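[1] Predicted model follows, preceded by the sequence.
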4 protein chains.
Amino acid sequence: MKIGMLTGGGDCPGLNAVIRAIVRKGVFTYEDEFVGFLEGWRGLIENLSMPLDLEAVAGILPRGGTILRTSRTNPAKRPDGIDRCLDTLEKNGVQALIAIGGDDTLSVAQKLHERGTRVVGIPKTIDNDLGGTDYTFGFDTACNIVCEALDRVHTTAEAHNRVMVVEVMGRDAGWIALYSGIAGGADVILIPERPFDVDKVADSIRERHERGLYFSIIVVAEGAKFSSEGGQGSPVLSDMGKDEFGHVKLGGIANILAREIEKRTGFETRAVVLGHIQRGGSPSAFDRVLATRYGLGAIDMVHRGEFGSMAALRANKIVSIPLVDAITRNRAVDDEMIQVADGLFARTADREAAGR
Amino acid sequence: MKIGMLTGGGDCPGLNAVIRAIVRKGVFTYEDEFVGFLEGWRGLIENLSMPLDLEAVAGILPRGGTILRTSRTNPAKRPDGIDRCLDTLEKNGVQALIAIGGDDTLSVAQKLHERGTRVVGIPKTIDNDLGGTDYTFGFDTACNIVCEALDRVHTTAEAHNRVMVVEVMGRDAGWIALYSGIAGGADVILIPERPFDVDKVADSIRERHERGLYFSIIVVAEGAKFSSEGGQGSPVLSDMGKDEFGHVKLGGIANILAREIEKRTGFETRAVVLGHIQRGGSPSAFDRVLATRYGLGAIDMVHRGEFGSMAALRANKIVSIPLVDAITRNRAVDDEMIQVADGLFARTADREAAGR
Amino acid sequence: MKIGMLTGGGDCPGLNAVIRAIVRKGVFTYEDEFVGFLEGWRGLIENLSMPLDLEAVAGILPRGGTILRTSRTNPAKRPDGIDRCLDTLEKNGVQALIAIGGDDTLSVAQKLHERGTRVVGIPKTIDNDLGGTDYTFGFDTACNIVCEALDRVHTTAEAHNRVMVVEVMGRDAGWIALYSGIAGGADVILIPERPFDVDKVADSIRERHERGLYFSIIVVAEGAKFSSEGGQGSPVLSDMGKDEFGHVKLGGIANILAREIEKRTGFETRAVVLGHIQRGGSPSAFDRVLATRYGLGAIDMVHRGEFGSMAALRANKIVSIPLVDAITRNRAVDDEMIQVADGLFARTADREAAGR
Amino acid sequence: MKIGMLTGGGDCPGLNAVIRAIVRKGVFTYEDEFVGFLEGWRGLIENLSMPLDLEAVAGILPRGGTILRTSRTNPAKRPDGIDRCLDTLEKNGVQALIAIGGDDTLSVAQKLHERGTRVVGIPKTIDNDLGGTDYTFGFDTACNIVCEALDRVHTTAEAHNRVMVVEVMGRDAGWIALYSGIAGGADVILIPERPFDVDKVADSIRERHERGLYFSIIVVAEGAKFSSEGGQGSPVLSDMGKDEFGHVKLGGIANILAREIEKRTGFETRAVVLGHIQRGGSPSAFDRVLATRYGLGAIDMVHRGEFGSMAALRANKIVSIPLVDAITRNRAVDDEMIQVADGLFARTADREAAGR
């Protein structure tokens, strides 16, 4: 079978492992032929492609990024976009398409499916917040990077008697903040799911100080929100959101939070914004295995004719679920994991501080 | 409540994270007091202990090893062993005991339970082969270490046109070999669960060579076995097993296998034995979170009165299962993971080579 | 002999290795006794100390931070500061003092020396810019951290066709930017020693694009400066410098530069600010050895009576130089290293862009 | 100019960085053209080559191995070898040759030079023992790998009250053992330059035990030798040297030493043989910079007409020295570094134990 493939949305460790797994099993087991479309859906709009054979995927397993490159181009947002995609698929003789991406990428896959294309999706979100699947690849690598950064920051915080505010990825969901915060021994974890009161965060830092602990680590997801009852001292979040290009400003929440905590407590406080280093580089062993399993699952789904579907991980098994399920839900963090974090914290005040 | 704690068996990344989680939740939530027994069951036989308070566990989350140290001492193997343990518990006023260890350690916990001690177990095996639980902490860290080593070995193998045989942990089960072999792009993976035919391994290496791939990586679990039909050329495994101290000889299987493959193929072949570096050092983020969850689960079980039980991970939840279930089963690798490995390999011959 | 010790200024990987080396050689070879003053000079002003024996330094070699903690307290800036330090030294019966720190810390050491204290200094600056010594510990670790971050950022830049601006430490000197930029394959490196013209930086990125390279990495030291001839489009640096607490604002230069480059080229550009993760964590092998050598050199200097001096590394040997030499010079990057960077760059334009 | 290039001998982190630096500066500054000969001198004997342009070297800086592959083939050991090399150079129109390798590789370069070829050499030895140059690339990476392994092994040794014997590279010189042993906090370091008495090693371990330190780390270079006065108990080294293929047997010295120490002290002792993981994988920042500097130095030497020479690092500058100087000397470890190690050790007995 001649199969097309693309990667869309943000870079994520494990994309190359997915591509490699699909091509290896496709060639060895099913005698498939592959064409890789470049830069996400842009490759289908503009008919940009490369051949994907065993040689093209040799040695890519440990590498970050994606050999197909990626973009946030969405053909559904331009009048002729979907038609041009269909046209490109036909021109290339593609009989089935595997789309690897987040909810935005997969929503286009769903549209193509509705127009008759035989599509299988593979979920990709470093934030681990895609509905219908327990874990997505890239998340474990990001947590390891954040955790190592927290270890580094810890030694500095302790040496200087400082409060350190570490901003991590997570616009809509706090998975990375919660997991890596637990793993890195954070004292306060702030996530989008639970708006927080900065006064209570300051209280909990002060209470640590009173117990003789002169340093603290706060992990904050980039999408964490101040609660409305934050009091007069609270900064207005809308002021900090975007720069002139419409990008979320680097270190918005971390810098404001550091300033507010230093103002309230008088303790020296510094901000660290981990940013893009969280999504690049070589994937962890866990992510390589998970990405490989997603890839193998998807190529099997193609050959079982399960189109309009997405490979998903459920209870440690790869299963097939409808694409629509994935793109219509945004998965918040587990209650159990919040309880894990709560179990480690010192006092009710900390939990209240985090809006829990 | 006054609670005792010990760590037994081999060192494993995450032990300190377990200890820290128990003490933090015990002190903060339940106002418990803790005594740590030193060097596994030896500490109970000889009444060696240290106080375990918040200060004792501060900063230990990222550290390998165990602040309680460990040993393989088994009180059930000496006449008065169990009695002396009971005696020590009484002398220290211990009302409940948390034992962290593998099947050997937990079998003693079960014996104490049968004698009336209020015991909760936490499973520990870097090999991930303990019955009743999906993942054990330490395994993910070991896979990351092996995976990184395979990345390193790959560049050397490729630069030199070599076959590299990498021996990893796993006496009875092939979890580490299988996971890290998939993650590290191994060409052949040999596990205890599937005895292998060295002639077929050599054939598959030769076939790679014929396809223009002049290097190969073989990952072999230390407990992998030659199949009986291995032919005249096969070495006798019993010859290589033990040194004069009764230790399994370092690099037994890897060195023999390297020699046999070089003999059969004529390709330059080298052995690497990863050994003890697989079980030391700072745990991965995944293992820190998992170890923390086991610890929190166990202290909750103590306060719910679930004695004679063990914390277990099932479908990503911490649950309580009977200790006897854990110590009587030895969990072989998933069939699904073997199929994952098979899905990546080039040809039927490879699978046959690996006894699959 | 009874010897005092302190660490001052910013955290730096290797401080614990220095402390350990001094104590081990002092105890084993010279039968010295040690007292550690806490939090830099604050410990001498307020008489805060801890005993430093073999047990206190056991296991600290691989750890970041400093067991003596640190501060930027400068006794010379308060009327009775130096007197109180002298008083504390006398009260503790300290016969010689080893001060580990940067130019600020060592300038106090010099003042004490002038007042009769027997002082030996050890240079500490992660920026590698202290006069009189070829390399300072911590610098190699910082370069490894930055280099690994650049590897990660590279995969993302390439996957997304992006320009990435990575801000690294270096207020007055560009050592970290230059070394890690060369190591990480940066396309443009901007350092304080050479003010740059943002138009020319944009030109060189555009030229890469014209050669078919759609991603670029710019490494910028936090203290890099726009040249005065930067044209009308150049932002005014004084606007971005400080926040209300007088801290240099996180990501000042990187964010402005990213905005200006995107404005000029139209290419998607993102900023990454590595910040505090550069100075924490476990030291590299090189830094552990270097820090150990500095420590051994200093304790030998004490016993040879070379006071008012500092241990320095020259042509790979530890030598003794006057403290005044160290604190009066600020070492700019080597011309040879700038030529190395130039040798790798594509075109004259790049060099002009970097003000070379 | 048309320039040939090859890499010979063992794999070493930084080879790709050398190749990239040469090609970039050659193309950008000198408008050179490059041909890469494959698998060391074999490529010249058999006329195997690949074009080396900017695209070929893009992205290789962080990668271990060598894109030119390598071998230990020595044309001087076959009658027509040198002639065939000369012939290949002529056929390819090569006007100058850059040979990157150890003393064996460079001795062939010298022979070609004597036959009229315009040759420049670049020293490569992970063991850091090549005459005429202060540091060779790859050594720093190896030390980091060993140091990290020692950190891991430390936690296990401490948790189990064990003696761990860690075997590292170094057949003729103890650089890696000495540097990484100091960096990793080894208790005994055994190097080829100083034959050791196993009884005295055992004594020093016993003395640690008597001081309450129940674990010890011994780092032993693979080429370390028992001293002749080693007493009746000493094993005969010739027994352990080679396997039937003439390879030095994996873990020869470590396993014997572990056995002998356990026999003498009764303490549980384990061997770890780091082997090939020491020479693969991504180079450290230091090695990438150093390798880049060697490459730039060599291409400049070609264009200055300094043939029959080798790039060398002296007092932190790249200089040109005669090839013959490099290939005729084998550099033993610095006395200063031995004194560093001695300065850290507990007692005279330890130093005696190590033959010092």
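    Good, I have the coordinates.

[2] model confidence over the helix or strand hosting A:Glu262, on average?
    Secondary-structure assignment from DSSP states H and E places A:Glu262 in helix A:252-265. For helix A:252-265, mean pLDDT is 93.

[3] what ranges do the strands span in the stretch 1-150 of chain A?
    For the stretch 1-150 of chain A, the strands defined by DSSP state E, counting those that start in this stretch occupy A:2-7, A:33-37, A:49-51, A:96-101, A:119-123.

[4] Is the helix or strand that the helix holding A:Glu262 is followed by in proximity to chain C?
    Using DSSP H and E, the helix or strand that directly follows helix A:252-265 along the chain is strand A:269-273. Yes. Using C-beta under 8 Å from any C-beta of the partner chain, strand A:269-273 reaches chain C at A:270-273. (Each C-beta comes from the backbone N, C-alpha and C, glycine too.)

[5] Give the helix, strand or coil label for the closest residue to A:Asn161 other than its chain neighbours.
    Residue nearest to A:Asn161 in three dimensions, not counting chain neighbours: A:Tyr214, with 4.1 Å by C-beta to C-beta, 6 or more residues apart in numbering or on different chains. Classification of A:Tyr214 using DSSP: H, G, I helix; E, B strand; the rest coil returns coil.

[6] Number of residues surrounding A:Tyr214?
    In terms of burial, A:Tyr214 registers 17 neighbours under the definition other C-beta atoms under 10 Å in any protein chain shown.

[7] quick one on the thing from earlier: I'd like to know which elements the helix holding A:Glu262 is packed against.
    The criterion is 3 or more C-beta pairs under 8 Å, 6 or more residues apart in numbering or on different chains; DSSP states H and E, and the helices and strands that helix A:252-265 contacts are strand A:163-168, helix A:198-210, strand A:216-221, strand A:269-273.

[8] A:Asn128: neighbour count?
    Number of residues near A:Asn128 (other C-beta under 10 Å) recorded here: 25.

[9] now do A:Arg115
    Using other C-beta under 10 Å, A:Arg115 has 12 neighbouring residues.

[10] again with A:Gly59
    Tallying neighbours of A:Gly59 according to other C-beta under 10 Å, which is how burial is gauged here, yields 15.

[11] next one: the one 5 residues further on
    Close neighbours of A:Gly64, defined as other C-beta under 10 Å, add up to 26.

[12] ok, the residue lying closest to it once chain neighbours are set aside - contacts?
    Counting by C-beta to C-beta, 6+ apart, C:Thr155 is the residue found nearest to A:Gly64 once chain neighbours are left out, at 3.3 Å. Residues in contact with C:Thr155, defined by C-beta atoms under 8 Å, 6 or more residues apart in numbering or on different chains, are A:11, A:63-65, A:280-281.

[13] Turn those into a markdown table, including pLDDT.
    Rendered in a markdown table, the data for these read as follows (pLDDT from 0 to 100):
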| residue | pLDDT |
| --- | --- |
| A:Asp11 | 92 |
| A:Arg63 | 94 |
| A:Gly64 | 94 |
| A:Gly65 | 94 |
| A:Gly280 | 88 |
| A:Gly281 | 90 |
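
[14] Tell me which residue in chain A sits closest to chain D.
    Taking C-beta to the nearest C-beta, chain D has its nearest neighbour within chain A at A:Ser282, 8.7 Å off.

[15] now the angle between helix A:198-210 and the helix holding A:Glu262, please.
    Put simply, helix A:252-265 runs at 60 degrees to helix A:198-210, going by axes from the mean of the first three to the mean of the last three C-alpha atoms, to 10 degrees.

[16] mind listing what's buried in helix A:252-265?
    The neighbour-count criterion (16 or more other C-beta atoms under 10 Å in any protein chain shown) identifies A:252-262, A:264-265 as the buried residues of helix A:252-265.

[17] What of stretch A:322-338?
    By neighbour count with 16+ other C-beta under 10 Å, stretch A:322-338 contains the buried residues A:322-324, A:326-327, A:331-333, A:337-338.

[18] Any residue of it touching chain B?
    Yes. If you take C-beta under 8 Å from any C-beta as the test, stretch A:322-338 does meet chain B, through A:Glu336.

[19] for that stretch, what is the average pLDDT?
    Here the mean pLDDT over stretch A:322-338 is 84, rounded to a whole number.

[20] can you check stretch A:198-205 too?
    Averaged across stretch A:198-205, the pLDDT comes to 93.

[21] Just the CA coordinates for it, please, in PDB.
    Once non-C-alpha atoms are left out, stretch A:198-205 reads as follows in PDB (Å, rounded to 0.1, in the frame of the first residue of the first chain):
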ATOM      1  CA  VAL A 198      -0.900  34.700  45.600                       C
ATOM      2  CA  ASP A 199      -1.400  35.700  49.200                       C
ATOM      3  CA  LYS A 200      -1.800  32.100  50.300                       C
ATOM      4  CA  VAL A 201       1.300  31.100  48.200                       C
ATOM      5  CA  ALA A 202       3.200  33.700  50.100                       C
ATOM      6  CA  ASP A 203       1.800  32.500  53.400                       C
ATOM      7  CA  SER A 204       3.000  28.900  52.700                       C
ATOM      8  CA  ILE A 205       6.500  30.200  51.900                       C
END
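
[22] and that stretch, which residues are buried?
    Applying 16+ other C-beta under 10 Å to stretch A:198-205 flags A:198-205 as buried.

[23] so of the strands of the stretch 1-150 of chain A, which one's packed in deepest?
    By mean neighbour count, with neighbours taken as mean count of other C-beta atoms under 10 Å in any protein chain shown, strand A:119-123 ranks first of those at a mean of 29.

[24] For chain A, give the helix that spans the most residues.
    With DSSP state H setting the assignment, residue counts place helix A:139-160 as the longest helix in chain A.

[25] which secondary element of chain A has the worst mean pLDDT?
    Lowest on mean pLDDT, DSSP states H and E among the helices and strands of chain A sits helix A:348-353, with a mean of 46.

[26] Now the residue nearest the centre of chain A: phi and psi?
    For chain A, the residue lying nearest the average C-alpha position, counting by C-alpha atoms, centre = their mean, turns out to be A:Ile126 (2.0 Å). In this entry, A:Ile126 is assigned phi and psi values of phi -60, psi -20 (degrees, to the nearest 10).

[27] residue contacts, it?
    A:10, A:12-13, A:136, A:138-139, A:142, A:169, A:176, A:278-279.

[28] Let's see the pLDDT reported for it.
    The predicted local confidence for A:Ile126 is 93.

[29] Kindly report the same for A:Leu61.
    Each residue has a pLDDT score; the one for A:Leu61 is 96.

[30] for A:Ser228, same thing?
    In this model, A:Ser228 is scored at 62, pLDDT.

[31] tally of neighbours for A:Lys77?
    10.

[32] Tell me how chain A divides into domains.
    Domain ranges of chain A: A:2-138+A:283-314, A:140-278+A:334-353, per automatic domain parsing.

[33] Please name the residues that touch the residue nearest to A:Val163 when sequence neighbours are not counted.
    Leaving aside its sequence neighbours, A:Val163 sits nearest to A:Thr269 (C-beta to C-beta, 6+ apart; 4.1 Å). Listed by C-beta under 8 Å, 6+ apart, the contact set of A:Thr269 reads A:162-165, A:258-259, A:261-262.
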